[in-house]
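J.: I'll drop the sequence and a predicted model, then ask my questions.
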Amino acid sequence: MNNSLTIVLGVLLLMTGCGSSGPKTQFYSLFPNVEPDAATVISGEQLSFGIGPVVLPEYLDNTALVSRSSAQQLQVSGVHAWGGDLSSTVSRVMAANLATLWQQDAVWAFPWDTRARPIYQVRIVFEEFSGERGGEAVLKARWVLFGDGGKQEISVGSSQFSEQTQDNSPQAYVAALNLLLKNFCNDLAVKIKKTISK
């Protein structure tokens, strides 16, 4: 009886220990981080822009942080996660970045109020937005600029950038992704400004 009781108590202690141990989930996000200059500012008339829909690769449809290994395998980190939907976050950050770069107030992330459609709409498909932790992170995107409230295709383009992560930490990986998005926004701001200024 004593032996049985000892075994039961031991098992309960082990279960209690397993339930309370383990690392806590850490959450990350992307944030606006650009400065306007003469090449990006759209002066004069106040315009309206809609950014989105934004389409990310299907493997990024995950709350956890997803990176790649050198063998082209995906690494999904269960204890490092995005603080919200990544596609919505990318749209929000891009809209904020482009509003700053263009110095235009009416730059909205998708979805927007259909009763007040923006004059211009930029639809973006990311072919790649990931990389290796401790290695290279890559952004590849194709975009289409529409005018007349999204009814008229004006311009089509593509962009590609890469950044070396500072180390293999999740913080360094997210920082590299944020820098890629910043570079993409700068490039997009210049190209769209030139297109609509013709």
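T.: That came through fine.
J.: could you pull out the strands in the chain for me?
T.: 26-28, 48-55, 64-68, 74-82, 106-109, 120-131, 136-147, 152-164 (DSSP state E).
J.: now render the ones you listed as CSV, adding mean neighbour count and distance to L188.
T.: The C-beta positions use only the backbone N, C-alpha and C, and glycine is treated the same way. Listed next are these as CSV, based on neighbours: other Cβ atoms under 10 Å; distance: least, Cβ to Cβ, whole Å:
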stretch, mean neighbour count, distance to L188
strand 26-28, 14, 23
strand 48-55, 21, 9
strand 64-68, 20, 24
strand 74-82, 15, 22
strand 106-109, 20, 12
strand 120-131, 20, 7
strand 136-147, 19, 7
strand 152-164, 14, 7
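J.: for those, give me CSV that also has distance to I196.
T.: Formatted as CSV, those follow (distance: least, Cβ to Cβ, whole Å):
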stretch, distance to I196
strand 26-28, 34
strand 48-55, 10
strand 64-68, 35
strand 74-82, 33
strand 106-109, 13
strand 120-131, 7
strand 136-147, 8
strand 152-164, 8
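J.: check this structure for its longest helix and report it.
T.: In the chain, taking DSSP state H as the definition, the longest helix is helix 170-196.
J.: quick one: that one to strand 48-55, angle?
T.: 130 degrees (axes from the mean of the first three to the mean of the last three Cα atoms, to 10 degrees).
J.: starting at the chain centroid, how far to helix 170-196?
T.: Here helix 170-196 shows a centroid-to-chain-centroid distance of 10 Å under the convention Cα atoms, centre = their mean, to the nearest Å.
J.: tell me the helices and strands packed up against that helix.
T.: strand 26-28, strand 64-68, helix 86-102, strand 120-131, strand 136-147, strand 152-164 (3 or more Cβ pairs under 8 Å, 6 or more residues apart in numbering; DSSP states H and E).
J.: hmm, try it at 10 Å
T.: Under the contact definition 3 or more Cβ pairs under 10 Å, 6 or more residues apart in numbering; DSSP states H and E, helix 170-196 sits against strand 26-28, strand 48-55, strand 64-68, strand 74-82, helix 86-102, strand 120-131, strand 136-147, strand 152-164.
J.: wouldn't K140 be in contact with L56 here?
T.: No - using Cβ atoms under 10 Å, K140 is not in contact with L56; the gap is 11.5 Å.
J.: the closest residue in space to S43 that isn't next to it in sequence: what's it in contact with?
T.: Nearest non-adjacent residue to S43, counting by Cβ to Cβ, 6 or more residues apart in numbering: Q103, 7.4 Å away. By Cβ atoms under 10 Å, 6 or more residues apart in numbering, the residues touching Q103 are P36, T40, V41, I42, S43, Q46.
J.: most neighbours of all those, which one?
T.: T40 (22 neighbours; other Cβ atoms under 10 Å).
J.: distance-wise, check N168 relative to G131.
T.: Distance of N168 to G131, given as Cβ to Cβ, to the nearest Å: 11 Å.
J.: overlap in contacts, the two.
T.: Overlap of the contact sets of N168 and G131 (by Cβ under 10 Å, 6+ apart) consists of S67.
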